[in-house]
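Asks: give me a 3D structure for the following:
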Amino acid sequence: MGQFLGTHANRLDSKGRVSVPAAFRTTLARLDTTELVLRPSHKWPCIEAWPEPAFREFAGRLDQFDAFSDEHDDLAIALFADAQAATPDAEGRIVLNERLAEYAGLQAGKPVAFVGFGRIFLIWEPGLAQQHLPQSVARARERGLTVPRGARP
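Replies: The predicted structure is shown next:
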């Protein structure tokens, strides 16, 4: 399966390294990549972790905008300026740069929550994740949200 599932916890070390959960590394292997693109989420105080091929496909949609339009330029800056490439080392660890860690409220020596998000995964400060996840589920239920028919598999 090529989907990131579940919620897992690891600890950020003093060098900014954290182990990607084994289940997520298995998913990356199934996607035939180890390369990730890490970026601050547009919506939440967490880090998005994109398999590089998925990020390339996603970012390629910028081509729908005129090359020098404000829309293109603003979105390109939002997508790329604070993004970071990361490849897990032999122990499965990635390094989070200081800017990303600060954005997500992550601190050395403290736990980190890895949250499956389908095609990508999210890296959260665990307390914020514990607040956010049930709120999202409740909003989906309140709105009666379902996956649209004919949605891309």
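Asks: what are the ranges of the strands in this protein?
Replies: Per DSSP state E, the chain carries strands over the ranges 7-11, 17-19, 36-40, 47-51, 84-86, 93-95, 111-117, 120-124.
Asks: and the longest one, what does it pack onto?
Replies: On a contact count with 3 or more CB pairs under 8 Å, 6 or more residues apart in numbering; DSSP states H and E, strand 111-117 meets strand 7-11, strand 120-124, helix 126-143. Just so you know, the C-beta spots here come from the backbone N, C-alpha and C atoms, and that holds for glycine as well.
Asks: give me whichever of these is most buried.
Replies: Burial of the helices and strands packed on strand 111-117 is given as mean neighbour count (mean count of other CB atoms under 10 Å); strand 120-124 ranks first at a mean of 24.
Asks: got the angle for it vs strand 7-11?
Replies: 50 degrees (axes from the mean of the first three to the mean of the last three CA atoms, to 10 degrees).
Asks: now strand 120-124: mean pLDDT?
Replies: The average pLDDT within strand 120-124 is 98.
Asks: residues touching it, excluding its own?
Replies: Here strand 120-124 makes contact (CB atoms under 8 Å, 6 or more residues apart in numbering) with 4, 18, 24, 38, 41, 44-51, 54, 96, 104, 106, 112-115, 129, 132.
Asks: against residue 149, how distant is the residue nearest in space to the middle of the chain?
Replies: For the chain, residue 48 is the residue whose C-alpha lies nearest the centre (CA atoms, centre = their mean; 2.0 Å). From residue 48 across to residue 149, the span is 27 Å (CB to CB, to the nearest Å).
Asks: repeat that for residue 108.
Replies: Distance from residue 108 to residue 149, by CB to CB: 46 Å.
Asks: who has more neighbours out of those two?
Replies: Neighbours per residue (other CB atoms under 10 Å) separate residue 108 from residue 149, with residue 108 holding more: 14 against 5.
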